[in-house]
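# Predicted coordinates and the sequence they were generated for:
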Amino acid sequence: MLWPYYAVSETLFILERSPLFGTQAGGVYQVICMEGSNGTGGSSEGFLQNVITFPPEGAFIVDSSLAVAGGQRMDFSFTAAKLKLPGGKALGLPPFGKGW
């Protein structure tokens with residue numbers, strides 16, 4: 001599983017402080033999808049999505065682009081972030097960060 005260190009520390013920050021906002025964190029997971037072909041039958045580009053759920057309706061979602069950088073290295077760049085609120089509302093947040 002690909003999970004940059006500082007994404008882990010930010011995730012732990014959110015999980016530890018969720019009771020301050022009157023909620024409890026639920027599931028924490030990643031979606032990794034590779035698209036396209038690099039000529040060897042594998043994918044060269046795709047996306048990475050980090051998700052923290054706040055049952056029953058909330059979630060914090062960060063979208064990233066993902067690209068093969070060679071060998072076992074993958075580069076990512078955050079492209080969007082949002083906080084899903086109860087009632088189908090969402091609050092867009094500025095994404096920042098990139099790495100491997």
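Yep, it's here. Numbering: from 1, shown residues only.
# what about residue 31, neighbour count?
12 (other C-beta atoms under 10 Å). Placement of C-beta: from N, CA and C, glycine included.
# doesn't residue 49 make contact with it?
Yes: under the criterion of C-beta atoms under 8 Å, residue 31 makes contact with residue 49 at 4.2 Å.
# what stretches of this protein score poorly on pLDDT?
For the chain, applying pLDDT under 70 flags the ranges 1-9, 36-43.
# let's see it at 50
1-6, 37-39, 41 (pLDDT under 50).
# So which residues of it form helices?
Ranges of helices within the chain are 5-17, based on DSSP state H.
# Report the central residue of the protein.
Note on the chain: the residue nearest the mean C-alpha position is residue 50, at 2.0 Å, using C-alpha atoms, centre = their mean.
# for it, which residues make a bridge with it?
Bridge pairing for residue 50 (DSSP bridges) gives the partners residue 30, residue 62.
# Can you tell me how far it is from residue 78?
From residue 50 over to residue 78 the distance is 9 Å, taken as C-beta to C-beta, to the nearest Å.
# before we move on, what about residue 14?
Residue 14 is 15 Å from residue 78, by C-beta to C-beta.
# The two: which has the busier surroundings?
Between residue 14 and residue 78, counted using other C-beta under 10 Å, the more crowded position is residue 78 (18 against 14).
# That one contacts residue 61, doesn't it?
No: counting by C-beta under 8 Å, residue 78 stays clear of residue 61, with 11.1 Å between them.
# Could I get the contacting residues of the nearest residue to residue 18 once chain neighbours are set aside?
What sits nearest to residue 18 in space, not counting adjacent residues and going by C-beta to C-beta, 6 or more residues apart in numbering, is residue 25, at 4.6 Å. Listed by C-beta atoms under 8 Å, 6 or more residues apart in numbering, the contact set of residue 25 reads 14-15, 18, 52-54.
# List buried residues within those residues.
Buried members of the contacts of residue 25, counted by 16 or more other C-beta atoms under 10 Å: 18, 52-54.
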